[in-house]
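S.K.: Following is a predicted model, sequence given first.
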Amino acid sequence: MDQLLLLLGFPVAALLMLWLMKWQHKKDRAFQPEADNGRMVTRLGDRVSAAPKRVFDGQELVGEYKRFYYSKWKRVVADIMDSPGRWFLNLAFSSEDGHHIVLKGENENRLRGANEWRIFSNNDEVGSIQRDYSVKNVTKLKESLYLNYHDHTYHYQSFGIGSKTVIRRDDYKIGEGKRAELGNSIYELDMEDTYGEEKQVLFMGYILFNYHFSQ
């Protein structure tokens with residue numbers, strides 16, 4: 001009887017997970033900021049499917065992004081792992097004015113997915129992202145990525161789930177990201193106005209950071 005109940009529980013659990021994913025997808029797709037706080041903002045509830053999510057600058061819709069996979073089995077692996085955001089992670093962003101940004105994972109394999117990404121802007125390679133494996137970073141238990149864009153390097157750093165994510169260029173803080181409220185799925189990034197040209201690329205780096213580190 002116990003084995004029978006266990007077997008019956010699998011399809012019920014699968015249906016429940018499917019319903020939850022679709023519910024999160026609908027909330028992501030319908031997301032609209034309640035107030036204009038001058039920050040870039042998105043809702044990141046569903047982290048596995050390839051469904052699109054909206055990006056706002058204040059209350060202005062500026063585009064949408066989605067996750068994509070190179071094969072179906074990688075989608076299945078990402079779904080069943082404890083940290084689904086980091087497995088075989090690739091992201092594509094399309095702005096309202098026709099600008100496209102793609103973050104493609106490098107050296108994907110069957111064990112861990114990618115820890116490096118190439119950045120493409122309208123099909124032109126413009127930069128890269130690497131996870132920070134330095135001894136200094138490991139000893140401080142920080143989550144850390146480096147984004148290289150044109151001639152500059154941007155450092156993303158956080159102390160763990162629920163912590164703020166700080167972005168620095170040349171050791172100077174230029175932005176700070178956080179959840180709007182701890183426990184929800186709304187993420188905000190406050191950037192200095194002088195970095196407007198790089199803003200979309202840096203925001204996509206911030207989204208990748210939250211996927212990869214399960215923030």
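M.R.: Looks like it arrived, so ask away. Residues are numbered from 1 along each chain as shown.

S.K.: Quick check: residue 67 touching residue 87?
M.R.: No: assessed by CB atoms under 8 Å, residue 67 is found out of contact with residue 87, at 10.6 Å. Heads up, the C-betas are built off the backbone N, CA and C, glycines and all.

S.K.: pretty sure residue 63 belongs to a helix, no?
M.R.: No: Residue 63 is assigned strand when assessed by DSSP: H, G, I helix; E, B strand; the rest coil, not a helix.

S.K.: Spatially nearest residue to it (excluding sequence neighbours)?
M.R.: Nearest residue to residue 63 in three dimensions, chain neighbours excluded: residue 95, at 3.8 Å (CB to CB, 6 or more residues apart in numbering).

S.K.: Can you get me a residue count around the one you found?
M.R.: 15 (other CB atoms under 10 Å).

S.K.: What of the one 4 residues further on?
M.R.: Residue 99 has 14 neighbours, counted by other CB under 10 Å.

S.K.: quick one: it and residue 122, what's the gap?
M.R.: 7 Å (CB to CB, to the nearest Å).

S.K.: same question, residue 46
M.R.: Distance from residue 46 to residue 122, by CB to CB: 27 Å.

S.K.: Compare the two (neighbour count), which wins?
M.R.: The neighbour comparison of residue 46 against residue 122 (other CB under 10 Å) goes to residue 46, with 22 against 10.

S.K.: which phi and psi does that one have?
M.R.: The phi/psi pair for residue 46 (degrees, to the nearest 10) reads phi -90, psi 120.

S.K.: Correct me if wrong: it contacts residue 28.
M.R.: Yes: Residue 46 is within contact range of residue 28, at 5.6 Å (criterion: CB under 8 Å).
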